[in-house]
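K.L.:
next come a sequence and a model predicted from it.
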Amino acid sequence: MLHRCFEALMFLGMLSFQQPASAETPNVVVILADDMGYGDLGCYGATQTKTPHLDRLAREGMRFTDAHSPSAVCTPTRYGLLTGRYCWRTKLKKGVLVGDSPYLIEDDRLTVAGLLKAKGYTTAGTGKWHLGLGSEAKTDFAKPLRPGPLTAGFDSYFGIPASLDMVPYVYVENERVLALPTAQSEKSPKSNYFDGVFWREGPAAPGFRHRDVLPELTRRAEQFVRAQSAERPFFLYFALTSPHTPWVPNAELQGKSPLGEYGDFLTETDAAVGRVLAALEEMKLADRTLVVFTSDNGAIPLPLQFKETGHRTNGTWRGQKSDIWEAGHRVPYLVRWPGRTPAGSTCSETICHTDLLATLAAIVGEKLSDDAGEDSFNLLPLFLGKASDNPIREATVHHSGDGLFAIRQGKWKACFHLGSGGFSQPKTEPTVAGGPRGQLYDLEDDPGETRNLWNDKPDVVERLTSLLERYKSEGRSRPRG
């Protein structure tokens, strides 16, 4: 009890003042897809997929075309989205956590859930956590999973520890597992990650079935929404496990898509979003709820049938998940806020997932302290459809799966290495005498990142290099005050 009280005091101390949310304060639903590409949605140009519920969000709200995850892989993005801080500032410098990794978020770190809880919101999460559980080097699932989601400001959490293809396969409810991983998962029907229907063999709760996870998480999200009322605002973080591997669509959707299991699972992902939206409408809460939908990084565009149909999971952007190139971190981003966000609108300004904390702070009338949300910028003017003479972000830092850096400012993007820095080949390339030591692209003239201007624009390279070094040395990119 004392431990929980201390955590609450730490959250309050990081806010400039404490007062209840006003009657005009919206409910907030943030839905984070797992490995969904920019080109997977109909509202972003896809013709071979069916995403009617997400397309409806775009029609009823705002579609961002230059939105980015802070990392091209999942754990760092989730850290950044919840804390407003780039994950490369933590002990996790590259890659992702595994299912039994310790808790990553610092004890005194303000999160989106903590911010809203301090403002009187009921806060709940459901889905993929992937930010570590417990303080031991390897999580002991027989013990209370503390620190964990409740430490991060959630009143309740139901989900799985990490990705749907990572052991152990258990359900976590608040600080306990529903059943210990005393069994072994059934063997994956395919042996190669890139076949799509793949998961690692290992410990699992008795009876755990991968195909049941997305429906159960969606049911829990619906259940939470239906338990809410107009008297108290709520925050729901719905972290989908799809369309990340394993691609396990349920029977009624199998064989419905020309993209095979991936397309069927994508359809089920869209349906999960639709069910949560329907619950909001059923409870007459939709008109006072801000909904944000996005993805944690780009997709892996591998199956043969994609080439046969012409579907491009990441649109026209270069690369894939884990890469420093655009497809690794440029993601779909939809915002619906009835009566506030212009319906059917599009925004082309560069934004980042780390901006969620500062944006919600502005919405609930809080000013972030200097030691919170160091890489978070207030997007509220954009959400309201207000034009700005100057970009909200000075620049945006990108991070690859291998822990390599790029920085974007305006039309210029500098990558401080050669190669993808992720899954695409070549991952790295050696420098040669007289050749470029990195990559510089003009994304206005060359959105496909095909012409490296590193040697042609030394002044731009120098400016962006200095800016990145300043962001590193100062421990922040958001100005103080």
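P.N.:
It's in.
K.L.:
which secondary structure elements does the longest strand belonging to the chain sit against?
P.N.:
Longest strand in the chain by number of residues, with DSSP state E as the criterion: strand 234-243. Judged by 3 or more Cβ pairs under 8 Å, 6 or more residues apart in numbering; DSSP states H and E, the packing partners of strand 234-243 are strand 27-34, helix 112-118, strand 122-128, helix 213-226, helix 260-282. The way it works is simple: take the backbone N, C-alpha and C, and place the C-beta from them, glycine included.
K.L.:
average pLDDT for that strand?
P.N.:
Averaging pLDDT along strand 234-243 gives 98.
K.L.:
which residue ranges of this structure form helices?
P.N.:
2-13, 52-60, 74-83, 112-118, 213-226, 260-282, 304-309, 326-329, 356-363, 380-383, 458-474 (DSSP state H).
K.L.:
centre-most residue in this protein?
P.N.:
The chain has residue 296 as the residue nearest its centroid, 3.2 Å off, counting by Cα atoms, centre = their mean.
K.L.:
so it sits right up against residue 77, yeah?
P.N.:
Yes. Contact criterion Cβ atoms under 8 Å: residue 296 and residue 77 qualify, at 4.3 Å.
K.L.:
give the residues shared as contacts by those two.
P.N.:
Counting by Cβ atoms under 8 Å, 6 or more residues apart in numbering, the residues touching both residue 296 and residue 77 are residue 69.
K.L.:
need the helices of the chain in CSV (columns: mean neighbour count, distance to residue 345 and mean pLDDT).
P.N.:
Shown next, in CSV, are the helices of the chain (neighbours: other Cβ atoms under 10 Å; distance: least, Cβ to Cβ, whole Å; pLDDT from 0 to 100):
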stretch, mean neighbour count, distance to residue 345, mean pLDDT
helix 2-13, 12, 34, 39
helix 52-60, 20, 9, 98
helix 74-83, 28, 23, 98
helix 112-118, 25, 24, 98
helix 213-226, 20, 25, 98
helix 260-282, 22, 19, 97
helix 304-309, 13, 30, 78
helix 326-329, 32, 23, 98
helix 356-363, 24, 16, 98
helix 380-383, 19, 10, 98
helix 458-474, 14, 30, 98
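K.L.:
which one, of those, ends up nearest to residue 189?
P.N.:
Each of the helices of the chain was scored for nearness to residue 189 using Cβ to Cβ, and the closest is helix 260-282 (10.3 Å).
K.L.:
packing partners of that closest one?
P.N.:
Against helix 260-282 (3+ Cβ pairs under 8 Å, 6+ apart) you get strand 27-34, helix 52-60, helix 213-226, strand 234-243, strand 289-295.
K.L.:
pLDDT weak spots in this structure?
P.N.:
Applying pLDDT under 70 to the chain flags residues 1-23, 303-305.
K.L.:
let me see the domain layout of it.
P.N.:
Per automatic domain parsing, the domain ranges recorded for the chain read 2-383, 396-474.
K.L.:
please name whichever of those is nearest to residue 481.
P.N.:
domain 2-383 (7.2 Å).
K.L.:
sorry, back to before: so for residue 452, which of the helices and strands packed on helix 260-282 sits nearest?
P.N.:
Here strand 289-295 is closest among these (Cβ to Cβ), at 27.3 Å.
K.L.:
hmm, back to that, need the winner for burial among the domains of the chain.
P.N.:
domain 2-383 (a mean of 20; mean count of other Cβ atoms under 10 Å).
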